[in-house]
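# Please find the sequence and the predicted model below.
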Amino acid sequence: TRQDSPYRTDHDYEYTYGLNRIQMRTNLDAKINDYISAFLNVDTRISKRNSSNAGDIYASIFSMKPTTYGPTTPNGGVLVTPENLEPTYGRLNRSGYVKQNEVNTLANLGIHFDLSAITEGLSATVEGVFHNNLYSNMRGNSGYAKWTSAPNGDDLLFTEYGTSKDEPITLSKDVNSNYSTQFNANIGYHKVLDRHRVGVNAIGSYYYALNQADNFPSLYIGGSATGSYSYDETFFLDVIASTQGSYRLSPKNRFGFFPAASFAWVISSLKLRTSYGEVGYDGFASDAGNYIYKDNIDRSGGMYIQNLGGGINVFKYANRNLTWEKSRILNVGFDLELMHYITLSANYFDDRRRDILTPNDTDPIMTGIPIEARPWKNMGKVHNQGVEFTAGFQKEIDRDWLVGASGYVTYAKNKVLATGNLDYDNT
């Protein structure tokens, strides 16, 4: 496919901006015998994109007055104004270009086992998911002479502005790749007995990823067990218990346990529902970085140590007691259908989040540790609760016409209970 850029360049400019993309997909299913089947899905996308080396092109359009003469002098010089020294024309045609090539591949390979010979309703699946993204940027950097215009009788006087000169294009290139591998194993049992429906699943997963730009691997290992039961399409019960391990936490706190349960009761056109559970989060603050349970040091300064041949500088001290951020979430609500074309829904939610990772502002200054080097701590707490109401209308007038409308109202109250900041928490 070809996607042209909304911007146009000089007809003699070397590269036309836009995107060319080729996508290929292969799906293969194989039945090995009556009990074993396999599948392979491969998706590959190849993209080539040409764009300007300068940013904020769209914003620059609004920085130039529409009555300004230009965009060039009669001799082809780029006109600027004191208010806009990087005009749109210069960004598009004289600032260089970027040629980006990208190959993105996703492959999913798995084997499914029908274990009904052991007991009816039993099955298992093992699969691997492989993802690789490779891209390169060829960047052409260039500068250009800038000119201003001023009235000179009935003509315009063009004056060179500043010290910028037309420069030949200089080339630079960067290449990066990232890949991930994930393995999943699932064994499940599903059975329908008269008006009873039962399901049980046990899942194990392994995930590894590496971005060569920062060379920091990511590793997650987890497992979960789920159970479901329904009776006569009237009562529904689901429970789940999962454990997850994150590379971002120290070995003693690496794994977290997160249970949850939900229940629903259908009474004619009314459905009552509730759920309660705990979830974990290890994304943390964007500036926390990886491996925050280890000291972040280098030999860039500090006190001289003879055996090291220099000094050390501590950017961030470790906290080996860090744990998952956790949320306990309660939901209670109902769904109601009236006259087959009016729907009403209401939900109350209560989310209590704790152990939020925060900068450390509680250690006494007499410790001698600079604020920016103090270790992170799980000290944040937030309580969020509220209600949501939704109403909808949908009715078929005839074979060709369907009318509908919907709306919702939400009220939420969010309270910060603790931040790790002494001045805030003591108010």
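Noted; the coordinates are in hand. Residues are numbered from 1 along each chain as shown.

# Tyr206 versus the residue lying closest to Phe257 once chain neighbours are set aside, what's the distance?
Closest residue in space to Phe257, ignoring its immediate chain neighbours: Thr243 at 5.1 Å, by CB to CB, 6 or more residues apart in numbering. The C-beta positions use only the backbone N, C-alpha and C, and glycine is treated the same way. Distance check for Thr243 against Tyr206: by CB to CB, to the nearest Å, it reads 13 Å.

# In space, not sequence, find me the middle residue of the protein.
Centroid-nearest residue in the chain, with CA atoms, centre = their mean: Gly283, separated by 10.5 Å.

# tell me the phi and psi of it?
For Gly283, the backbone dihedrals (degrees, to the nearest 10) come out as phi -70, psi -30.

# so where do the strands sit in the stretch 101-250 of the chain?
Remark: strands assigned in the stretch 101-250 of the chain by DSSP state E, counting those that start in this stretch are 122-141, 146-152, 155-161, 170-193, 196-211, 216-231, 235-246.

# Correction: the previous question concerned the stretch 251-400 of the chain.
In the stretch 251-400 of the chain, the segments counted as strands under DSSP E, counting those that start in this stretch are 255-267, 270-281, 296-298, 304-305, 310-311, 313-316, 325-338, 342-358, 377-396.

# Just checking: what are the partner strands of the first one?
Under the criterion DSSP bridges, strand 255-267 sits next to strand 235-246 (antiparallel), strand 270-281 (antiparallel) in its sheet.

# Tell me which of the ones you listed sits nearest to Asn93.
strand 270-281 (46.7 Å; CB to CB).

# Going by neighbour count, list what's buried in that closest one.
Buried residues in strand 270-281, counted by 16 or more other CB atoms under 10 Å: 271, 273-275, 277-280.

# Looking at these, which is nearest Val175?
If you rank those by distance to Val175 using CB to CB, Gly280 comes first, at 35.7 Å.

# so who does the residue nearest to the centre of the chain touch?
Listed by CB atoms under 8 Å, 6 or more residues apart in numbering, Gly283 has no contact partners.

# ditto for Gly121
So Gly121 contacts 189-191 (CB under 8 Å, 6+ apart).

# Please report the distance of Met117 from Asn186.
I think there's a mix-up here, since residue 117 is Ala and not Met. 18 Å.

# who's more crowded, those two?
Each of Ala117 and Asn186 had its neighbours counted (other CB atoms under 10 Å), and the higher figure belongs to Asn186 (17 against 9).

# Tell me the confidence at that one?
Looking at Asn186, its pLDDT is 97.

# who's in contact with it?
Taking CB under 8 Å, 6+ apart as the test, what Asn186 contacts is 124-126, 201-204.

# same deal with Asn20?
Here Asn20 is in contact with 1-3, 47-49 (CB under 8 Å, 6+ apart).

# between those, which is nearest Tyr247?
For the contacts of Asn20, the nearest to Tyr247 is Ser47 (30.3 Å; CB to CB).

# what pLDDT does the closest one get?
On the pLDDT scale, Ser47 gets 94.

# correct me, but it touches Gln3?
No: look at Ser47 against Gln3 with CB atoms under 8 Å: they stay out of range, at 9.9 Å.

# residues shared between the contacts of these two?
Common neighbours of Ser47 and Gln3 (CB under 8 Å, 6+ apart) are 19-21.

# Closest one of those to Lys165?
For these, the minimum distance to Lys165 (CB to CB) is 32.3 Å, reached by Leu19.

# For stretch 18-29, the averaged confidence score.
Here the average pLDDT along stretch 18-29 is 93.

# export the contacts of Asn186 to a markdown table and tack on pLDDT and neighbour count?
Output for the contacts of Asn186, formatted as a markdown table (pLDDT from 0 to 100; neighbours: other CB atoms under 10 Å):
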| residue | pLDDT | neighbour count |
| --- | --- | --- |
| Ala124 | 97 | 15 |
| Thr125 | 97 | 16 |
| Val126 | 97 | 16 |
| Asn201 | 97 | 16 |
| Ala202 | 97 | 15 |
| Ile203 | 96 | 17 |
| Gly204 | 97 | 14 |
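
# Which two among those residues are spaced furthest apart?
Val126 and Asn201 (13.9 Å).

# Lovely, talk soon.
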